[in-house]
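Q: Starting from these lines, generate the structure:
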Amino acid sequence: VRMGNFHICALMTNKSVKCNYLETLYNFNQLGSSPQLAGVSKDGPCILNAGTVKCSVEGSSVEVLAGFESGVVLYDGNSTGNYCGVFEDGRVKCKQGYLGDLTGLPKLKSISVGAIHACALTQAGGVKCWGDGTSGQLGNGQLEYSAAPVDVQGLQSGVLAISTS
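A: The predicted structure follows:
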């Protein structure tokens with residue numbers, strides 16, 4: 001199960017995904033053998049399957065998300081239209097000006113995208129965040145924007161899962 005401000009999605013036993021997004025039911029069928037719930041785009045819910053991000057558009061068609069056609073291992077997005085993907089080569093690609101693309105991050109376990117910032121959980125169990133931190137969202141004790149990922153105070157190790165909003 002995955003949920004956000006305007007959606008809830010569930011992976012079904014038959015490997016399909018069903019989402020309720022803004023009171024509309026979305027069905028993702030024929031996804032292959034390993035679909036993962038992957039957040040939403042500004043148009044509807046998305047899934048990650050076999051290295052490709054696919055999003056439902058206007059409740060009916062499912063389209064591949066431009067720039068995320070192959071090699072994606074992690075993905076998250078939200079209804080404000082902000083989304084990021086982590087690729088096989090370790091690169092992080094984000095859509096929305098405040099996030100940007102990143103290189104040089106350690107190997108990541110998960111990524112979570114908020115309205116104005118994003119955070120990543122490293123394989124080593126630490127958390128790094130970037131984007132707008134003017135209200136303290138980045139957790140580094142500073143109240144400013146950071147284009148580069150910063151360590152979150154107190155979360156440099158031992159973290160199992162993250163979620164931003």
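Q: from here on, contacts and neighbour counts on C-alpha atoms
A: Noted.
Q: Can you find the helix or strand of this structure with the lowest average pLDDT?
A: Lowest by mean pLDDT, DSSP states H and E among the helices and strands of the chain is strand 2-3, with a mean of 49.
Q: Okay, now the unreliable bits of this protein?
A: Applying pLDDT under 70 to the chain flags residues 1-12, 14-44, 57-61, 96-101, 165.
Q: make it 90
A: Of all residues in the chain, those with pLDDT under 90 make up the ranges 1-68, 74-86, 88-107, 109-119, 130-133, 135, 147-148, 160-165.
Q: where exactly do the helices run in it?
A: Using DSSP state H, the chain contains no helices.
Q: Next one: the nearest residue to residue 102 once chain neighbours are set aside from residue 112, what distance?
A: Leaving aside its chain neighbours, residue 102 sits nearest to residue 92 (5.0 Å; criterion: CA to CA, 6 or more residues apart in numbering). Plainly put, residue 92 is 12 Å away from residue 112 if you go by CA to CA, to the nearest Å.
Q: And for residue 137?
A: Distance from residue 137 to residue 112, by CA to CA: 13 Å.
Q: Next: residue 83.
A: From residue 83 to residue 112 the distance is 9 Å (CA to CA).
Q: ok, now residue 85?
A: Taken as CA to CA, the span from residue 85 to residue 112 is 10 Å.
Q: Common neighbours of those two, please.
A: Common neighbours of residue 85 and residue 112, using CA atoms under 8 Å, 6 or more residues apart in numbering, are residue 76.
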